[in-house]
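Q: quick one: sequence plus predicted model below, questions after.
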Amino acid sequence: MYLGFYSQVKKQVSTREAAEHYGFKVGRNGMMKCPFHDDRNPSMKVDQNFICFGCQEKGDVIRFVSKLFDLPPYDAAVKLTEDMGLTVTAENRPGVQPGIRKKAKRERTERQQFEQSVDRVYGVYCDYFRLLNQWAEEYAPRSPTEDLHPLFVEAMHQREYVEYLLDLLLYGSSVVVKLFCNTYGLIIRYSSPCLKWCLISIV
Ligand SMILES: [Zn+2]
């Protein structure tokens, strides 16, 4: 279960530890001179929390630091985190919300860029697929003895493969599609001169 920021701070540092850290002498009985009233004899008891038998001030470590340095509770908790080197999970910490928002925005931008790149790659392969179908008809040999036209050969070789790639771009899991788009350079290197030209001219 996620603990709130204040709870995380209080769990990691007692008032006594904080008081000692800020230079107060705490006796074995846990008594120290109260910083909140003119205390001649140690009349404040500190352990996890604190209570003063002289001025009746009491509270937890955050209140102690808040009163000591005249800070709002949140700033006191942040000060404790920094001064005592505490580890606090950031999620619900009020001060880091702008960072979370920034992260969400970055993720949104990345997703949009990814979708755009998929659209682009899909468009290129669609054009190429149309071209292959066209070649398959246009350059089909008219007689069994006729030499095969190179574009007809390419159409025969590539059609099925390109159809498979189009399916993959449309229905593949995002991981596969991402991999596909990221290896674009490799695909260009091993594709036919015509597709290479299509890809480079569009990307
Ligand atoms: Zn006091």
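A: Here it is on my side, so go on.
Q: and the chain, which residues reach the ion?
A: C34, F36, H37, C52, G54, C55, E57 (CB under 5 Å from the ion). Glycine gets a C-beta too; all of them are placed from N, C-alpha and C.
Q: need the contact list for the first one.
A: Listed by CB atoms under 8 Å, 6 or more residues apart in numbering, the contact partners of C34 are P42, S43, M44, C52, G54, C55, E57.
Q: and it, that one's in a strand?
A: No: C34 is assigned coil when assessed by DSSP: H, G, I helix; E, B strand; the rest coil, not a strand.
Q: name the nearest residue to it, ignoring sequence neighbours.
A: Leaving aside its sequence neighbours, C34 sits nearest to M44 (CB to CB, 6 or more residues apart in numbering; 4.0 Å).
Q: give me the phi and psi angles of that neighbour.
A: Per-residue torsions, M44: phi -110, psi 130 (degrees, to the nearest 10).
Q: burial of G30, as a residue count?
A: 15 (other CB atoms under 10 Å).
Q: touching, it and D47? I think so.
A: Yes: judged on CB atoms under 8 Å, G30 makes contact with D47 at a distance of 5.5 Å.
Q: returning to that earlier point: please check the contacts of C34 and keep the buried ones.
A: Applying 16 or more other CB atoms under 10 Å to these, the neighbour count classes P42, S43, M44, C52, G54, E57 as buried.
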